[in-house]
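Chemist: I need the structure of the sequence given here:
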Amino acid sequence: MPTKPKGHRLRKGRVSETGRIYLITTIVHNRKPVFSDLYPGRLLVQTIRTEQSHATTLAYAIMPDHFHWLMQLADSPDLSTVVATIKSVSAHRINHHLGQQGNLWQAGFHDHAVRKEEDIQALARYIVASPLRAGLVDNIGDFPLWDALWV
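Modeler: Numbering: from 1, shown residues only. Have a look, this model is predicted:
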């Protein structure tokens with residue numbers, strides 16, 4: 001079995017489970033606020049939507065230097081591959097738009113496997129409220145880079 005590049009493996013003790021809901025957080029390289037500009041954020045949204053055959057998006061919020069993604073993993077590929085694909089494709093698109101090369105994303109990602117007893121809608125509301133907690137807007141309707149199935 002081939003090994004995954006460093007930064008695209010699940011954390012020690014984690015497994016990728018088909019049908020499982022995960023909260024993914026990934027950070028822009030050096031925390032550069034790439035998504036303060038709307039267009040790179042829209043390119044990330046487009047990338048997330050094109051991967052719907054591998055993961056169903058339940059909610060997301062794209063912050064200036066990172067993003068949160070609540071998703072349900074499809075039957076293949078595994079979680080690390082899905083996240084690596086999102087990061088790779090979005091980096092290519094965003095770097096092309098910005099006329100730059102190199103790393104867009106920091107290596108790795110944080111994953112939280114949602115437990116059955118957790119309230120998924122409450123978790124989605126928490127994600128969507130990220131721009132409010134960060135003081136980016138006073139009303140979530142004024143923030144353009146979020147979505148949730150239940151809204």
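
Chemist: Look at the residue nearest to the spatial centre of the chain and tell me its secondary structure.
Modeler: Closest to where the C-alpha atoms of the chain average out (Cα atoms, centre = their mean) is Trp69, at 3.9 Å. Recorded secondary structure, Trp69: strand (DSSP: H, G, I helix; E, B strand; the rest coil).

Chemist: Provide a list of residues in contact with it.
Modeler: Trp69 makes contacts with 23-26, 48, 57, 59-60, 86, as judged by Cβ atoms under 8 Å, 6 or more residues apart in numbering. Placement of C-beta: from N, CA and C, glycine included.

Chemist: Return the member of those residues nearest to Pro33.
Modeler: Nearest to Pro33 among these: Thr26, at 14.6 Å, using Cβ to Cβ.

Chemist: coming back round to it: buried members of the contacts of Trp69 into PyMOL, please.
Modeler: This is how PyMOL selects the buried members of those, with burial counted by 16 or more other Cβ atoms under 10 Å:
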select buried, resi 23+24+26+48+57+59+60+86
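
Chemist: can the contacts of Trp69 go into a markdown table with extra columns for distance to Leu149?
Modeler: Converted to a markdown table, the contacts of Trp69 look like this (distance: Cβ to Cβ, whole Å):
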| residue | distance to Leu149 |
| --- | --- |
| Leu23 | 14 |
| Ile24 | 16 |
| Thr25 | 19 |
| Thr26 | 21 |
| Ile48 | 13 |
| Thr57 | 8 |
| Ala59 | 7 |
| Tyr60 | 11 |
| Ile86 | 18 |
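
Chemist: Just the ones of the contacts of Trp69 in helices?
Modeler: 48, 86 (DSSP state H).

Chemist: From the contacts of Trp69, pick the one nearest Arg125.
Modeler: Nearest to Arg125 among the contacts of Trp69, with distances taken as Cβ to Cβ, is Ala59, at 8.2 Å.

Chemist: Let me know the pLDDT of that closest one.
Modeler: Per-residue confidence at Ala59 stands at 97 (pLDDT).
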